[in-house]
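Colleague: Quick one, structure for this:
(chains A and B)
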Protein chains: 2
Amino acid sequence: MKVKRSERLIDITQYLMARPKTLIPLTFFSARYESAKSSISEDLAIVKRTFAARGTGILQTVPGAAGGVRYIPAVSREFAETFLQSMAARLAEKERLLPGGYVYLSDLLGQPTILNDIGRLIATQYVRNSVDVVMTVATKGIPIAQATASFLNVPFVIVRRDSKVTEGSTVSVNYVSGSSNRIEKMELSKRSLREGAKVLVVDDFMKGGGTVNGMRTLINEFDAELVGIAVFAEAIFSGKPMVSNYSSLLRVDDVDTEAQTIVANPGNYLEKTTFLEDLTQAVPER
Amino acid sequence: MKVKRSERLIDITQYLMARPKTLIPLTFFSARYESAKSSISEDLAIVKRTFAARGTGILQTVPGAAGGVRYIPAVSREFAETFLQSMAARLAEKERLLPGGYVYLSDLLGQPTILNDIGRLIATQYVRNSVDVVMTVATKGIPIAQATASFLNVPFVIVRRDSKVTEGSTVSVNYVSGSSNRIEKMELSKRSLREGAKVLVVDDFMKGGGTVNGMRTLINEFDAELVGIAVFAEAIFSGKPMVSNYSSLLRVDDVDTEAQTIVANPGNYLEKTTFLEDLTQAVPER
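Modeller: Model prediction:
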């Protein structure tokens, strides 16, 4: 039975949103709704316009026999700025202050709506890169990796600090924890990363960059390739950081344990990212 | 500027899908599109019908001044059966066999599309319950908790086996690992769970039920309430399991390390769940 335009638009929207970065041939939709390809093309033009107008993302049209459409989640600069300002305000809540000047983040990183926005923001930055896999280290990086991977539509892998029989053979490396200067060990299941894979590293928090640097060593051990490093929050570090090329959504500029204050601001992410409004024509068709 | 119906339908769909289980007043949409409430009502009727027809979920209409609409993700029995059969086939791949008869799952639990489906399935089972928070234990349960929490639109909390300064004060309990019979320790940040919270426990794998039972003890320590237990896969356990009331998406029935075979089937989830087709009238309006 032929399906009406109104129903097609609703179903196309939900179908595309559930499959970011996936190329869907027009023939798929035309079979699904028993509708002419010309009608589907008109539908997709309306979806494209609405996604752009509402900041939902880019609907990319790939012409030709192997073509189709692809939903690319990306946020606008305004959305990113508003979100990061509100997150910076949350980080500065003085109840987050922990002994030793640490900042409690687990509540924020346990909220699906916040994680979704974090994932959309990081995915926006890397939307033009070819990313095969997102990597993080257990434990608190995992939700960020999952959210980011979900919008890039790639798998994520979890580096661990402990050995687990359920991981099979692993490759392990030693690394220097930047803040404590101690030698630690991290490992990754051998079968989880193939040679040449393009890896985006994400983590919740970065101070000296030691953990992130450990993941970089691990990526080398697998003969894989580092695409970029994105962290939720970075702290001002007095020493020489172990990585220089990374982006941070937020920056903790000062923690005063005596006055019980935290100063937080958006990180360098805003300078490093091309947003929805400037992306539309620039995303490669692959 | 007034927005056309076609654009409204697309935007309403993406807006609702990004906010499962959230009540949205009709006035919100009528302001967003500068359209009459009667037009919005008609839009929502079309969305509701399409979501039901395509198995996207339930669009619940709550009447009255405090009313609105709410998108409730739920899957059909057919969808669940197909997904679980395909997952059972994946689990039975002999390359998953690890020394000691363990089954490698990390690749499956690192794929956002699979995790999304796992989350939708578990959320469907608990769609009529009041759940305040999803709980899991690090590491491999985290992606399942995040996916489930995302569809239930509640936060998730992570129980840890190690102490971390970034968690602040914690409550810890000892538990007996069912399979190894060893006493272990798990802990949860004190501020992450409030008294009386209704907790849904999820985990990746269950054998003796010791870990899940540990989480139950922890929930008692917080004077919170256990709503249910859902695991991705359970293994046949020869002893007396420590928990009896749980649901498993999959069951590993046999692992033969000599013949290098794994036998896996859908778990008890299918018997324990009411699906989309029978849910429509039965979801409480809260």
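
Colleague: send the alpha carbons of the helix ranked longest in chain A over as CSV?
Modeller: Longest helix of chain A, by residue count under DSSP state H: helix A:37-54. Listed next in CSV are the C-alpha coordinates belonging to helix A:37-54 (Å, rounded to 0.1, in the frame of the first residue of the first chain):
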residue,chain,number,x,y,z
LYS,A,37,11.7,7.9,-6.5
SER,A,38,10.6,11.4,-7.5
SER,A,39,8.3,11.6,-4.5
ILE,A,40,11.0,10.4,-2.2
SER,A,41,13.4,13.0,-3.6
GLU,A,42,10.8,15.7,-2.8
ASP,A,43,10.4,14.3,0.7
LEU,A,44,14.2,14.3,1.3
ALA,A,45,14.4,17.9,0.1
ILE,A,46,11.9,18.9,2.8
VAL,A,47,13.7,16.9,5.4
LYS,A,48,17.0,18.5,4.4
ARG,A,49,15.6,22.0,4.7
THR,A,50,14.0,21.3,8.0
PHE,A,51,17.1,19.7,9.5
ALA,A,52,19.2,22.7,8.5
ALA,A,53,16.7,25.2,9.7
ARG,A,54,16.3,23.5,13.1
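
Colleague: if we look at it, which residues are touching it?
Modeller: Under the criterion Cβ atoms under 8 Å, 6 or more residues apart in numbering or on different chains, residues A:5, A:8-9, A:12-13, A:16, A:26-27, A:29-30, A:33, A:56-59, A:61, A:69, A:71, A:276, A:280, B:6-7, B:10-11, B:14 lie in contact with helix A:37-54. Where C-beta positions appear, they are placed from N, C-alpha and C, glycine not excepted.

Colleague: if you look at those residues, which of them are in strands?
Modeller: If you go by DSSP state E, those have A:58-59, A:61, A:69, A:71 in strands.

Colleague: out of these, who has the most neighbours?
Modeller: Comparing the ones in strands among the contacts of helix A:37-54 by number of neighbours (other Cβ atoms under 10 Å in any protein chain shown), A:Tyr71 comes first, having 27 neighbours.

Colleague: Now do the contacts for it.
Modeller: So A:Tyr71 contacts A:16-17, A:19-22, A:51, A:57-60 (Cβ under 8 Å, 6+ apart).

Colleague: Chain neighbours aside, what residue packs nearest to it?
Modeller: A:Leu16 (4.0 Å; Cβ to Cβ, 6 or more residues apart in numbering or on different chains).

Colleague: just wondering, since we're on A:Arg32, how far is it from chain B?
Modeller: 9 Å (Cβ to the nearest Cβ, to the nearest Å).

Colleague: Oops, could you answer that again for A:Glu225 instead?
Modeller: Taking Cβ to the nearest Cβ, one finds A:Glu225 at 18 Å from chain B.

Colleague: same deal with A:Ala149?
Modeller: Computed with Cβ to the nearest Cβ, the distance linking A:Ala149 and chain B is 5 Å.

Colleague: what's the helix or strand for that residue?
Modeller: Taking DSSP states H and E as the definition, one finds A:Ala149 inside helix A:142-152.

Colleague: mean confidence score for that helix?
Modeller: For helix A:142-152, mean pLDDT rounds to 98.

Colleague: And that helix, what does it pack against?
Modeller: helix A:112-125, strand A:133-137, strand A:156-159, strand A:198-206, helix B:112-125, helix B:142-152 (3 or more Cβ pairs under 8 Å, 6 or more residues apart in numbering or on different chains; DSSP states H and E).

Colleague: Can you give me the buried ones in the first one?
Modeller: Neighbour-count burial for helix A:112-125, counted by 16 or more other Cβ atoms under 10 Å in any protein chain shown, picks out A:112, A:114-125.

Colleague: Can I get the residues you listed in TSV including pLDDT?
Modeller: Converted to TSV, the buried residues of helix A:112-125 look like this (pLDDT from 0 to 100):
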residue	pLDDT
A:Pro112	97
A:Ile114	98
A:Leu115	98
A:Asn116	97
A:Asp117	98
A:Ile118	98
A:Gly119	98
A:Arg120	97
A:Leu121	98
A:Ile122	98
A:Ala123	98
A:Thr124	97
A:Gln125	98
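
Colleague: Could you pull up the contacting residues of the residue nearest to A:Arg77 when sequence neighbours are not counted?
Modeller: Nearest-residue entry for A:Arg77: A:Phe275, 4.1 Å, with adjacent residues in sequence omitted and distances by Cβ to Cβ, 6+ apart. Contact analysis of A:Phe275 by Cβ under 8 Å, 6+ apart lists A:74-77, A:80, A:124.

Colleague: Which pLDDT value belongs to A:Phe275?
Modeller: Looking at A:Phe275, the pLDDT reads 96.

Colleague: tell me the domain boundaries of chain A?
Modeller: Chain A breaks down by automatic domain parsing into domains covering A:5-72, A:77-277.

Colleague: What spatial separation is found between A:Lys2 and chain B?
Modeller: Counting by Cβ to the nearest Cβ, the gap from A:Lys2 to chain B is 13 Å.

Colleague: Can you show me the helices along chain A?
Modeller: Ranges of helices in chain A, per DSSP H, are A:5-17, A:26-32, A:37-54, A:77-91, A:112-125, A:142-152, A:210-221, A:269-272, A:276-279.

Colleague: Figure out which of those is closest to B:Asp223.
Modeller: Nearest of these to B:Asp223, taken as Cβ to Cβ: helix A:112-125 at 24.9 Å.

Colleague: hmm, back to that, closest one to A:Met87 out of the buried residues of helix A:112-125, please.
Modeller: Out of these, the member with the shortest distance to A:Met87 (by Cβ to Cβ) is A:Ile114, at 7.6 Å.

Colleague: That closest one reaches A:Leu108, doesn't it?
Modeller: Yes: A:Ile114 is within contact range of A:Leu108, at 5.5 Å (criterion: Cβ atoms under 8 Å).

Colleague: okay if I get the helices and strands packed on helix A:142-152 as a markdown table plus distance to A:Val227?
Modeller: Compiled in a markdown table, those are given as follows (distance: least, Cβ to Cβ, whole Å):
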| stretch | distance to A:Val227 |
| --- | --- |
| helix A:112-125 | 11 |
| strand A:133-137 | 9 |
| strand A:156-159 | 13 |
| strand A:198-206 | 5 |
| helix B:112-125 | 17 |
| helix B:142-152 | 21 |
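
Colleague: Go through these and name the closest to B:Glu167.
Modeller: strand A:198-206 (12.3 Å).

Colleague: ok, and for that closest one, which residues are buried?
Modeller: A:198-206.

Colleague: now A:Gly210: how far from chain B?
Modeller: For A:Gly210, the distance to chain B - Cβ to the nearest Cβ - is 15 Å.

Colleague: I figured that residue hits A:Met242, correct?
Modeller: Yes: when contacts are counted by Cβ under 8 Å, A:Gly210 is listed as touching A:Met242 (5.6 Å).

Colleague: hang on, the earlier thing: contact partners for the residue nearest to A:Tyr71?
Modeller: A:Leu16 neighbours (Cβ under 8 Å, 6+ apart): A:24, A:47, A:59, A:69, A:71.
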